[in-house]
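**Student:** Dropping a prediction and its sequence here:
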Amino acid sequence: MPYYEHVFIARQDISPAQVEGLTETLAKIVTDNGGKIEKSEYWGLRNLQYKINKNRKGHYSLFNIDGPAAAVQELERQEKINDDVLRALTIRVEELNPEPSPVLSRRDRGDRDKRR
């Protein structure tokens, strides 16, 4: 089956617990349609480059998906319907990286403290 990396941004005014519930709901959509979530990461509340629907920040989450295109299409369709999801991006990749994404590994190293 093909591999996909999927990132979505949720509204800033929902709590991290609600984002976790949203993530579980979206993951269930993929699994119900014959796909599998290999990795799920929550990147936290981050600033947006520009306002989206009056939001300056958003909760970022990443999925690594192993599944058919129909599962990803259904996921994207459900995200368009959901008012809590501001933006989503899906990219097809050759292989999935099991290691933490660069966003998480950069935060774990504490580069900001070293630069000061």
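**Tutor:** Happy to help now that I have it. Note that the structure is predicted; figures quoted are calculated from it, not measured.

**Student:** quick one: contacts for the residue nearest to E20 when sequence neighbours are not counted?
**Tutor:** Taking Cβ to Cβ, 6 or more residues apart in numbering, and ignoring the residues beside it in sequence, E20 has Y42 as its nearest neighbour in space, at 7.2 Å. Every C-beta, even on glycine, is put in place using the N, C-alpha and C of the backbone. With contacts defined as Cβ atoms under 8 Å, 6 or more residues apart in numbering, Y42 is in contact with P16, V19, E20, T23, H59, Y60, S61.

**Student:** By neighbour count, which of those wins?
**Tutor:** Most neighbours among the contacts of Y42, by other Cβ atoms under 10 Å: H59, with 26 neighbours.

**Student:** Give me the buried positions along the helix or strand where that residue lies.
**Tutor:** Assigned by DSSP states H and E, H59 falls within strand 55-66. Buried residues in strand 55-66, counted by 16 or more other Cβ atoms under 10 Å: K57, G58, H59, Y60, S61, L62, F63, N64, I65, D66.

**Student:** Touching, the fourth one and V7? I think so.
**Tutor:** Think Y60. Yes. With contact defined as Cβ atoms under 8 Å, Y60 and V7 form a contacting pair (6.6 Å).

**Student:** which residues touch G34?
**Tutor:** When the contact criterion is Cβ under 8 Å, 6+ apart, the partners of G34 are G67, P68, A70, A71.

**Student:** doesn't it fall inside a helix?
**Tutor:** No. The assignment for G34, made by DSSP: H, G, I helix; E, B strand; the rest coil, is coil rather than a helix.

**Student:** Relative to Y3, how far out is it?
**Tutor:** Between G34 and Y3 the computed distance is 14 Å (Cβ to Cβ, to the nearest Å).

**Student:** Over to E76?
**Tutor:** In this view, E76 and Y3 are 16 Å apart by Cβ to Cβ.

**Student:** Okay then, goodbye and thanks.
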